[in-house]
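**Student:** Structure for the following, please:
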Amino acid sequence: MRTLKLRVSGLYGVREHVFPTGQLPLLQLVGSWLAEAGFPVEALVEVEVVESGRLVVTRVDEEGVEIEGLSPLVWIPAERLAAIEESVRESAESGEAAHA
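**Tutor:** Model prediction:
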């Protein structure tokens, strides 16, 4: 798991009657690490405020449903996931053959 420390910056020029300080908090996530973590360009995400000071970003499909098997805490490279799925499939097939 990779941990990054980012600074919340401000979006300036906001009228004070909209936001008292005249700037809105802004958090930008940029970098190739996003794609490596399962967030490619054009991915739809859901940002959940879990508690004050804690956000969870989860990739969802176009209908806004969390992608099955995708966890915001664990990321497995596609090649490794395919190998795991194949191994599970083979184990299930050999188990079915033994019980037949």
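**Student:** distance between the ends of stretch 38-46?
**Tutor:** The separation between the terminal residues of stretch 38-46, taken as C-alpha to C-alpha, to the nearest Å, is 13 Å.
**Student:** Where do the helices of this structure begin and end?
**Tutor:** Secondary structure of the chain by DSSP state H: the helices cover 32-36, 78-99.
**Student:** Can you flag the weakest of those by average pLDDT?
**Tutor:** Comparing those by mean pLDDT, the weakest confidence falls on helix 78-99, with a mean of 74.
**Student:** if we can go back for a sec, of the helices of the chain, which stretch is the most buried?
**Tutor:** Per-residue neighbour counts averaged over each of the helices of the chain give the maximum for helix 32-36, namely a mean of 11 (mean count of other C-beta atoms under 10 Å). In short, each C-beta sits where N, CA and C put it, glycine included.
**Student:** Return the alpha-carbon coordinates of that helix using PDB.
**Tutor:** In PDB, the C-alpha atoms belonging to helix 32-36 read as follows (Å, rounded to 0.1, in the frame of the first residue of the first chain):
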ATOM      1  CA  SER A  32       0.700   7.800 -12.600                       C
ATOM      2  CA  TRP A  33       0.200   6.200  -9.200                       C
ATOM      3  CA  LEU A  34      -3.500   6.700  -9.700                       C
ATOM      4  CA  ALA A  35      -3.600   4.400 -12.700                       C
ATOM      5  CA  GLU A  36      -1.400   1.900 -10.800                       C
END
